[in-house]
Structures are given as structure tokens and as C-alpha cells.
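Enquirer: Make a model of this:
(chains A and B, ligands or ions: 2)
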Amino acid sequence: MAVSRHKDAVAPVRTRGPVSIWFGRHGSTAAASFRKLVRQPFSTLMIVGVIAITLAIPSVLHLMVKNALAISGGWDDALDFSVFLEDDVSLEEAGSVRDLILQRADVASVTLVGRDEALAEFREQSGFGAALDQLDGNPLPHTLVVRPGALNTPETIGLLREELTNLPETAAVQVDTDWVQRFHAILAIVDQSIGIGAALLGLAILVIIGNTIRLDVENRRDEIEVVKLIGASDGFVRRPFLWSGLLYGFLGGVLAVLLVHLGVFLLDEPVTRLAGLYRGNVELLRLSLEESALVIGGGAALGLVGSWFAASRRMRAIEPG
Amino acid sequence: MIRFENVTRRFPGGQEALSGLSLNIDAGEMVFVTGHSGAGKSTLLKLVALIDRPTGGQVIVDGQNTARVKRRRIPAYRRQIGMVFQDHKLLYDRPVFDNVGLPLIIAGAGPRETGRRVRAALEQVGLLQKEKRNPETLSAGEQQRVGIARAIVTRPKLLIADEPTGNLDPDLSLEVMRIFRRFNEVGVTLMIASHDIGLIDRLGCRRIELEEGRLAAPGDPAEEPAWP
Ligand SMILES: Nc1ncnc2c1ncn2[C@@H]1O[C@H](COP(=O)(O)OP(=O)(O)OP(=O)(O)O)[C@@H](O)[C@H]1O
Ligand SMILES: [Mg+2]
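Expert: Residues are numbered from 1 along each chain as shown, chains lettered A, B, ... in the order given. Ligands and ions are numbered 1, 2, ... in the order given. Model prediction:
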């Protein structure tokens, strides 16, 4: 290979355009940082694993809330009404009220439970048989168990309840939806707490990555001093550390998403079986594409920010002299 | 090219490495800075490279007053100067080629320009065959020459060297000085701190002699260190 001799000893370095420089440098720095991570697989796996677990915790909790909401979401509408009729309503009258209610489009079925039938059932199930014998007569009213149709919304359910209450034969209507609403309120609070917890865990990731990068900067102290001596800017010195931090966070995010998906995959079958005992087909919700992207992007962003702070702070202290 | 005007460098402890020093080096000159250990040679070069700042007076390099170069601009300033260190300051986790090419990468040169210039620099110091070697596997003299190749790869107008032959035997020292001489012949200004007065006299270059941070009085040269 012929090496051209340059007579002009003094000649400025011909540089490429700024964009080309940017891409050239980042491309090679990213590749070098990646190689460095691969060269120390054990410590890389440790750090990436810790980040992944830290990211997976809020993701899993959020998924649990999301699934609980989805599974319980239908409960509100599917609850039966117990319509207790007035004492003086006879069984025949109760039968005609049932037929009347059955004609409504928003009602799926109506079951008449006569007061004798109810007492017998109660006697059998409660174990208070002896106590009931002490009573003269049957204290229970006739009851209509109304199951709303599947197409109801919370508003039409409310309307149905009101109209059932307003029937002249009705003494009281009972729907036990309070606990469902309470359950949903609790889930909302839990979801908010997960948000706060996620912010704290994000801080933890900043610290983990920051500390890793800090040690890395410390280990390469001599190298940093040398490149600064020959004219490297802070940006040039910082670049490989930023890439390391970004890669740690990114890989941690990817691993977290994989872990969560694996968890859902393993739980899907037993949960579906359990839930299927109570209601029709239930399928566990997975992390959506947006949520997965958020976890991975969040991890990468935390890595970038953590390494930026750590590298900038440590670097400034390393000055040749 | 380099002008010191009444430059003082006083350390917090009160010691003065340089005391009211004034000197002038023209473009294209090759000048040696000599003096006993502790005379202030390294400090003088550090002020030129902005590794250190004077506590008094002014250092003007290539028309720029170094006091006006802000921290953020120091890297760009240093890129105009080639520097050779007594302890080489090479990076031992990469081959010779990458070491020599580092200033070009910092400056933003493309791979072809880098390859061309690195080989030209290595050829000038006679190490073209060793570009793939790790500097650790090279002798002290070869490492020193790698350091020189790195200093000249950007073809700076000014080259400063702090005891570049401190660890070398006389033959290697002479070889390194010859390399410097060749750069000087093509117009590079050189400022070299050295103890090796015998060698300097053979080269017939100008000598700036320091004594306790001042110019030694002419006709009263500091005695040469006596070897046992
Ligand atoms: N950081 C410092 N703090 C205090 N004093 C210092 C510092 N650096 C240098 N000195 C002092 O400044 C004086 C000049 O030091 P300098 O390193 O310039 O000497 P030199 O001529 O290069 O010596 P040598 O030939 O041994 O390298 C010395 O007395 C030294 O003790
Ligand atoms: Mg010195």
C-alpha cells in the first residue's frame, strides 16, 4: 500500500460536516459501548436484571389493577335486584307483578320466591330452624329476584331500580352494588399509589445507573485525563458513558417487558379457569404496545439521565494537571 | 508564536514555580527549555497548553491571550497544539493505530482521512509496521515515538514536549531529536523541556535556561547535574 508523503507538515484536519460527524461518532461510540457491555456479561446482566425487576414491579401491579377492573367491570350490571313485596300482596298478585316486570325489555329474567319457599330455604341454610319455630307466622315477604338484561348501562340500571321501587306492590328494592363501587374506588387509589411507587422506583433506577456510571468513570480516570489532554471536549468524554447508561436502561426495559409477558403467560390459564367459574370467558389483559413502549422508553430515558448526571459530575473533577 | 510577559505561577502554599518570567519564541523556532529539577520547566509548558493558569502576567500563544480562553474553549485550544509527554500517556486498551488516530477522531475526521494521516504519522516515526500492536508490547522508545506520532497526526503549528527523552538511552534520544528536527524543518514550532544538555548542544538549538522560576543570567549557566 502506497503511503503518500505530505510535504506540508502543517495542515488542518479535514473534518466532515457536523451531521456526518455526529452520526459517525455516535455510531462508533454506541457500538463500542455495546461491545463493552458484552465483554462483561456477568456485571451487565446483574445491572440490567436489577433495572428490569425495578421496572417490572410497577408494571405488574398496574396490570393487576387493570385486570381487576376489567374482570369486575361487568359485575355492576349483572347483579340481581331483590324486590321485596308488601306484606299484604298475595302470591297470585305477586305472580302478576312478575309477569308485568318480565315484559320489560331491560329485564332478562324474573324469579318469584314465595314467602313459604323463602322460609324453608332460610330454615335449611341458616340453622336457625328452632328459633324460627318460636315465631308465630312467617315474617318473610314474597320476593321477586330480577336479573337485568345484558345490554344495560349504569344509567338504565338506575332507571330500572327506580321504577321497580315505585311499583305500588314494592316494599323495598335491594341491590348490593356498594361493595363493587367500594372495590373500584380502592382500585383507583391503588393505581395512583402505583404511580407514586413507580416514580420512587424510577429514582432508584437513576441511582443504580448513576452509581454504575460513576464507578465506570472512576475506572477510566486515566483514559479521561489523556483524552482531555489531547483536546477532547466534555461532550466527547461523556458520550460513551451516556451510551452505556442508555443501553443499561433500554435492555432493562426490554427484559422487564419480557418478564411481565412471561408472568401473564404463566398466570393466564389458572386465572382464566378460576374466573371462568364465576363468569363467562375471561382473558387476562397483557401489557399493551403503548405500555411496553413506555416501560422500555422510560428505562432508556432514566439510563440517559442517570448517566448524564453521574458522568458530568465525576468528569469535571478529572482535570489533567 | 509564544510570548510570556512577566508571568508568575504561585501555588497556594506560597512556592513560586515561575517568577516574573518574560520570553519570546518565534514561529518556526525550535527551542529547548533547560534547568535543574524544580526550576519550573514543566510549569512553563503547562501554561502554554492551558493545563495550568498563571497567577500573574500574560501568556500569548499564536496571537491568543490564553487568559481569555474560557474553560469551555480549552479543548479546541489544545487541539491546535501537539503535546508529547515524558510518560507517553498512551491508552493501553487499544492498538497503536487507535492511539495515534485519537486526536483525529476528537477533531471529527472521517475514517479515510484518519487512516491516511495515521499512517503518514507512523511512517514519520518509523512505526508503520506496528500499527496493530498494543503499546504495552512496545519498548519505551517505541512508545515514545507513538506519543510523538499522536502529537503530530493533526499537523499542528506548535509542538510542546516535556522531557521526551527522559527515559531513553542516548541513541534513542538522538533518534527522537532527529524526528523533532525534521518537523522543525517543515515549519513546526517546537518547545522542548529537557535535561540532556549534551544532546541539545549537538543539535545547536536555542536554549532557554530556567533557574528557580526565572531566566538564568546569560553567561552564568546553571551547572550541569553531576553524575556520580
Ligand atoms: N501543584 C503544585 N503545588 C505546589 N508546588 C508545585 C506544584 N507543581 C509544581 N510545584 C513546584 O513548582 C516548582 C517547579 O516545578 P516544575 O514541575 O515546573 O519543575 P521542573 O523544572 O519541571 O522539574 P523537573 O525537572 O523535576 O520535572 C517546584 O519547586 C515544584 O515543587
Ligand atoms: Mg518537569
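Enquirer: Next, the contact list for the residue lying closest to residue B:29 once chain neighbours are set aside, please.
Expert: Nearest residue to residue B:29, sequence neighbours excluded (C-beta to C-beta, 6 or more residues apart in numbering or on different chains): residue B:189, at 5.8 Å. The way it works is simple: take the backbone N, C-alpha and C, and place the C-beta from them, glycine included. Contact analysis of residue B:189 by C-beta atoms under 8 Å, 6 or more residues apart in numbering or on different chains lists B:1, B:2, B:25, B:26, B:27, B:28, B:29, B:30, B:157, B:158, B:159.
Enquirer: Just the ones of those residues in helices?
Expert: Among the contacts of residue B:189, none falls in helices (DSSP state H).
Enquirer: Looking at these, which two lie furthest apart in space?
Expert: B:26 and B:159 (14.6 Å; C-beta to C-beta).
Enquirer: Let me know whether the worst-scoring helix or strand of chain B on mean pLDDT sits next to ligand 1.
Expert: Averaged element by element with mean pLDDT, DSSP states H and E, chain B has its least confident helix or strand at helix B:197-203 (a mean of 84). No - under the criterion of C-beta under 6 Å from any ligand atom, ligand 1 is not reached by helix B:197-203; the shortest gap measures 12.6 Å.
Enquirer: Does the helix or strand just after that helix reach ligand 1?
Expert: Counting by DSSP states H and E, the element after helix B:197-203 in chain order, helix or strand, is strand B:206-211. No - judged by C-beta under 6 Å from any ligand atom, strand B:206-211 stays clear of ligand 1, getting no closer than 6.6 Å.
Enquirer: Contacts for strand B:206-211 next, please.
Expert: By C-beta under 8 Å, 6+ apart, strand B:206-211 touches B:21, B:23, B:29-36, B:39-41, B:44, B:197, B:200, B:215-216, B:221-222.
Enquirer: Tell me how many other residues crowd the nearest residue to residue B:55 once chain neighbours are set aside.
Expert: Counting by C-beta to C-beta, 6+ apart, residue B:10 is the residue found nearest to residue B:55 once chain neighbours are left out, at 4.7 Å. Residues near residue B:10, counting by other C-beta atoms under 10 Å in any protein chain shown, number 15.
Enquirer: beta partners of residue B:10?
Expert: residue B:16 (DSSP bridges).
Enquirer: My guess is it contacts residue B:20. True?
Expert: No - the pair residue B:10 / residue B:20 is not scored as a contact, 10.7 Å apart, by C-beta atoms under 8 Å.
Enquirer: if I look at these two, which residues touch both of them?
Expert: residue B:56.
Enquirer: Take the contacts of residue B:189 and write them to CSV, including pLDDT and neighbour count.
Expert: Output for the contacts of residue B:189, formatted as CSV (pLDDT from 0 to 100; neighbours: other C-beta atoms under 10 Å in any protein chain shown):
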residue, pLDDT, neighbour count
B:1, 89, 18
B:2, 93, 22
B:25, 94, 21
B:26, 93, 11
B:27, 92, 12
B:28, 92, 14
B:29, 93, 16
B:30, 93, 21
B:157, 92, 19
B:158, 95, 21
B:159, 95, 24
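Enquirer: Turn the residues you listed into CSV, including distance to residue B:57.
Expert: Output for the contacts of residue B:189, formatted as CSV (distance: C-beta to C-beta, whole Å):
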residue, distance to residue B:57
B:1, 17
B:2, 13
B:25, 16
B:26, 20
B:27, 21
B:28, 24
B:29, 21
B:30, 24
B:157, 23
B:158, 20
B:159, 23
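Enquirer: Adding distance to ligand 1, write the residues you listed out as a markdown table.
Expert: As requested, the contacts of residue B:189 are exported to a markdown table (distance: C-beta to the nearest ligand atom, whole Å):
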| residue | distance to ligand 1 |
| --- | --- |
| B:1 | 21 |
| B:2 | 16 |
| B:25 | 17 |
| B:26 | 23 |
| B:27 | 25 |
| B:28 | 25 |
| B:29 | 20 |
| B:30 | 19 |
| B:157 | 24 |
| B:158 | 19 |
| B:159 | 18 |
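Enquirer: which one among the residues you listed gets closest to residue A:34?
Expert: residue B:159 (36.4 Å).
Enquirer: element containing residue A:304, please.
Expert: Assigned by DSSP H and E, residue A:304 belongs to helix A:289-317.
Enquirer: In that helix, which residues are buried?
Expert: Of the residues in helix A:289-317, A:291-292, A:294-296, A:298-311, A:314-315 count as buried by neighbour count, 16 or more other C-beta atoms under 10 Å in any protein chain shown.
Enquirer: One more: stretch B:197-216?
Expert: Here stretch B:197-216 shows B:197, B:199-200, B:203, B:205, B:207-211, B:213-214, B:216 as buried, counting by 16+ other C-beta under 10 Å.
Enquirer: Let me know the distance separating residue B:84 from residue B:74.
Expert: 19 Å (C-beta to C-beta, to the nearest Å).
Enquirer: Show me which of the two is the more surrounded one.
Expert: Using other C-beta under 10 Å as the criterion, residue B:84 and residue B:74 rank with residue B:84 on top: 26 against 19.
Enquirer: quick one: low-confidence ranges for chain B?
Expert: B:217-228 (pLDDT under 70).
Enquirer: need the strands for it, in chain order.
Expert: B:2-10, B:16-25, B:30-34, B:56-61, B:64-65, B:81-84, B:158-162, B:189-193, B:206-211, B:214-215 (DSSP state E).
Enquirer: Which stretch among those is buried most, on average?
Expert: Of all these, strand B:81-84 has the most neighbours on average by mean count of other C-beta atoms under 10 Å in any protein chain shown, namely a mean of 25.
Enquirer: Is there proximity between that strand and chain A?
Expert: Yes - Strand B:81-84 lies within reach of chain A by C-beta under 8 Å from any C-beta of the partner chain, at residue B:83.
Enquirer: Could you name the helices and strands sitting against that strand?
Expert: helix B:140-152, strand B:158-162 (3 or more C-beta pairs under 8 Å, 6 or more residues apart in numbering or on different chains; DSSP states H and E).
Enquirer: Which neighbours in the sheet does it have, and how are they oriented?
Expert: Checking strand B:81-84 against DSSP bridges gives partners strand B:158-162 (parallel).
Enquirer: The partner strand to helix B:140-152, inter-axis angle?
Expert: Per axes from the mean of the first three to the mean of the last three C-alpha atoms, to 10 degrees, the angle that strand B:158-162 makes with helix B:140-152 is 150 degrees.
Enquirer: how about the residues of chain B near ligand 1?
Expert: Near ligand 1, when you scan chain B using C-beta under 6 Å from any ligand atom, you find B:11, B:13, B:15, B:17, B:35, B:37, B:38, B:39, B:40, B:41, B:42, B:43.
Enquirer: Return the subset of those lying in helices.
Expert: Per DSSP H, the residues of chain B next to ligand 1 map to helices at B:41, B:42, B:43.
Enquirer: and the first one, what is it in contact with?
Expert: Contacts for residue B:41 (C-beta under 8 Å, 6+ apart) come out as B:33, B:34, B:35, B:162, B:163, B:193, B:210.
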